[in-house]
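Trainee: Got a predicted structure plus its sequence, pasted below:
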Amino acid sequence: MKATILQHANLCYGVLVSTSEDLEAEFFRLPQIQWKDVVEFQSYSRDTREDKTEDAVLAKWIGKGHEHVFRDQRMKPAWEVTVLMQQSSHTNWTIDVIFRGHHSLFDGMSGANFQKTLHKFLNQGSNLESFGLDEEWPVIIPSTIELPFIIDVKKWKTVPWTPYPATQPPAEDYVSRARLVTIPYEHVQNILKYCRRLNTTVTGFLHSLLTIFSSRNSKKTSGIRATTPFSLRGLTKLSVDELAMHVLWMKTLWPKSLVEPIRLAAEDSQEEELLVQIARHFHAEIDAELKRIPAGGGCAMIDLFKPARAFGNEQIKMDYELSNIGVVKMLGNESPNCHLKLEKLAFTQCGMMDTDVGCSVATILGGPMVICLTWVGGAVEEQYIEKLSGYLEKKLIAIG
């Protein structure tokens, strides 16, 4: 853990958020990091576990983590780790490492990158002496540590992409919920082949499924509204392996002219034609959005965040948000000499006040695709989420 912290600058900072809307938040480099402030352990045996599946237990902890408030940011960093141990048999345990971080410092890819770095150092084991690290805590943060990797390296507005500022108390009745859908590796291969045949991406295909489902099951009579986060790392030249917040959002309106025929059509009728039509609509919009971004990078892009910051204040609620970080390769995970193998990777976001359902997707190379659905408890019916998760699992496994 110490080696992981010292490898990524953003792990060494807290986020000081002003209580005034007129003032900006700032990052604060911590003098040191204590083990007790960033790591906790939880364990369940088969006899004490209330939920039937490991994924159900994990989903509960994910939801609980999303309700967490980062406090005392002059003493503690803007992230924490929960190590969840579940007894899967009399002799075997499943270990989940849950990384949760403040959205102004970490995007979805950052969560995957944290796991990649930690996984690398865990597999090196006793070789860590070569890094000059001992077992003593706290971690002393050197004064030479880099500034946080953000677009504007000086200041950052209070982040509105969580339902409440992540360092301020949420409403008393706020509950964040999560549900996991795991698609086995053999079906992931079929999905990739299917998308290539349709000349679309997995993200475009998932948009199609979510739009079709929302059209047939939403109570709204207008079109379907969605948001799609996309990475800026290619433009900012930040390493794909670094921890940072380099993301923008695109809003999409699937118009009533598209949605209404889906609502009226029989289940599964002309579905492939609809999939292609919706995916092409999405790709046309994302291409136009990318062309809109200035080529200068850095400060030339700061103004683009203004509409993104204001987005959380809009009265129109989105039907869903789809965020797919793609296929993640874990170094050495497939090697026979790897004594700790990562079986799957999940990426999640908290339940959002301005969006009915968040759909976050991650796929580990050579492993399953994991879809995490998140929502605000009480804002969306449980039956709707159950139906959506069943629909996605059925459609994705049926391919090929």
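Mentor: That came through, no problem. Residues are numbered from 1 along each chain as shown.

Trainee: Now do the strands in the stretch 201-350 of the chain.
Mentor: Ranges of strands within the stretch 201-350 of the chain are 224-231, 247-254, 318-328, based on DSSP state E, counting those that start in this stretch.

Trainee: Which among the ones you listed is found nearest to residue 97?
Mentor: With C-beta to C-beta, the closest approach to residue 97 among the strands of the stretch 201-350 of the chain belongs to strand 318-328: 14.1 Å. Bear in mind the C-beta positions are built from the backbone N, C-alpha and C, glycine included.

Trainee: related to what we said a few turns ago, can you put the strands of the stretch 201-350 of the chain in TSV and add mean neighbour count?
Mentor: Output for these, formatted as TSV (neighbours: other C-beta atoms under 10 Å):
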stretch	mean neighbour count
strand 224-231	20
strand 247-254	19
strand 318-328	21
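
Trainee: would you turn those into CSV with distance to residue 182 and mean pLDDT?
Mentor: Converted to CSV, the strands of the stretch 201-350 of the chain look like this (distance: least, C-beta to C-beta, whole Å; pLDDT from 0 to 100):
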stretch, distance to residue 182, mean pLDDT
strand 224-231, 22, 90
strand 247-254, 25, 85
strand 318-328, 15, 93
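
Trainee: Save those as a markdown table, and put in distance to residue 138 too.
Mentor: Shown next, in a markdown table, are these (distance: least, C-beta to C-beta, whole Å):
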| stretch | distance to residue 138 |
| --- | --- |
| strand 224-231 | 33 |
| strand 247-254 | 31 |
| strand 318-328 | 30 |
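
Trainee: Which of these sits closest to residue 31?
Mentor: strand 247-254 (29.3 Å).

Trainee: counting contacts, what elements does the closest one pack onto?
Mentor: helix 202-217, strand 224-231, helix 271-292, helix 305-311 (3 or more C-beta pairs under 8 Å, 6 or more residues apart in numbering; DSSP states H and E).

Trainee: Give the burial count for residue 98, as a bare number.
Mentor: 20 (other C-beta atoms under 10 Å).

Trainee: So for residue 41, which of the strands of the stretch 201-350 of the chain sits nearest?
Mentor: The nearest among the strands of the stretch 201-350 of the chain, by C-beta to C-beta, is strand 318-328 at 24.7 Å.

Trainee: downstream neighbour of the closest one in the secondary structure list?
Mentor: strand 355-364 (DSSP states H and E).

Trainee: what's the angle between that following strand and strand 224-231?
Mentor: Strand 355-364 and strand 224-231 are oriented at 40 degrees to each other (axes from the mean of the first three to the mean of the last three C-alpha atoms, to 10 degrees).

Trainee: From residue 230, how far off is the nearest residue to residue 366 once chain neighbours are set aside?
Mentor: Closest residue in space to residue 366, ignoring its immediate chain neighbours: residue 334 at 5.7 Å, by C-beta to C-beta, 6 or more residues apart in numbering. According to C-beta to C-beta, to the nearest Å, residue 334 stands 29 Å off from residue 230.

Trainee: What about residue 331, how many residues nearby?
Mentor: That count, for residue 331 with other C-beta under 10 Å as the rule, works out to 13.

Trainee: Wait, it touches residue 120, no?
Mentor: Yes. If you go by C-beta atoms under 8 Å, residue 331 and residue 120 touch, sitting 5.4 Å apart.

Trainee: any idea of the pLDDT on the residue nearest to residue 366?
Mentor: Predicted confidence (pLDDT) for residue 334: 73.

Trainee: How many neighbouring residues does it have?
Mentor: 12.

Trainee: Check the gap between it and residue 342 for me.
Mentor: 10 Å.

Trainee: likewise residue 68?
Mentor: The value you get for residue 68 to residue 342, if C-beta to C-beta is used, is 23 Å.

Trainee: Name the spans of the stretch 251-400 of the chain whose pLDDT lies under the cut-off.
Mentor: The stretch 251-400 of the chain contains residues with pLDDT under 70 at 268-269, 293-316, 400.
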